[in-house]
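Q: got a structure for you, letters missing:
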């Protein structure tokens, strides 16, 4: 793996709490997926650019690496720990989610 891909993986793994700030508990699954993919594009573009690998294949690889890392991190660490859902609920413009409120 190149340095850009490793940075994309590392940033992707740390991204779910940042994404949770934007997402709302009431958002539908497809909208949450689009937000995650948009963030993966930003991470992929940034890591390729800052590692002087800003060309077609490297950009695409960085984006895909970030997307996979975000998905794996969310489903293995950030969601089971309750951190990402807690951030979503606390930054929600519609108040607390029912899942968080039921846990009180």
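A: Nice, I can see it. Everything numeric here is computed off the predicted structure, so don't read it as measured data.
Q: Tell me the helix or strand right after the longest helix along the chain.
A: Using DSSP state H, we find that the single longest helix of the chain is helix 29-50. Per DSSP states H and E, the first helix or strand lying C-terminal to helix 29-50 is helix 56-73.
Q: can you list contacts of that following helix?
A: Contacts of helix 56-73 with the rest of the structure, by C-beta atoms under 8 Å, 6 or more residues apart in numbering, involve 1-2, 4-5, 7-16, 19, 36-37, 39-41, 43-45, 47-48, 53. For glycine as for every other residue, the C-beta is placed from the backbone atoms N, C-alpha and C.
Q: Report the buried residues of the helix or strand following that helix.
A: Downstream of helix 56-73, the first helix or strand assigned by DSSP H and E is helix 83-90. Across helix 83-90, burial judged by 16 or more other C-beta atoms under 10 Å covers 84, 85, 86, 87, 88, 89.
Q: So which of these is the closest to residue 23?
A: For the buried residues of helix 83-90, the closest approach to residue 23 (C-beta to C-beta) belongs to residue 88, at 5.3 Å.
Q: thinking the closest one is in contact with residue 18, fair?
A: No: in this structure residue 88 lies outside contact range of residue 18 using C-beta atoms under 8 Å: 11.6 Å.
Q: Which strand or helix spans residue 6?
A: Per DSSP H and E: residue 6 is located in helix 3-13.
Q: If you count neighbours, what's buried in that helix?
A: Of all the residues in helix 3-13, those buried under the rule 16+ other C-beta under 10 Å are 4, 5, 7, 8, 9, 11, 12, 13.
Q: how close does the third one sit to residue 43?
A: In this case it means residue 7. 8 Å (C-beta to C-beta, to the nearest Å).
Q: so where's the chain uncertain?
A: 94-104 (pLDDT under 70).
Q: hmm, 90 instead?
A: Along the chain, segments meeting pLDDT under 90 span 1, 24-25, 92-104.
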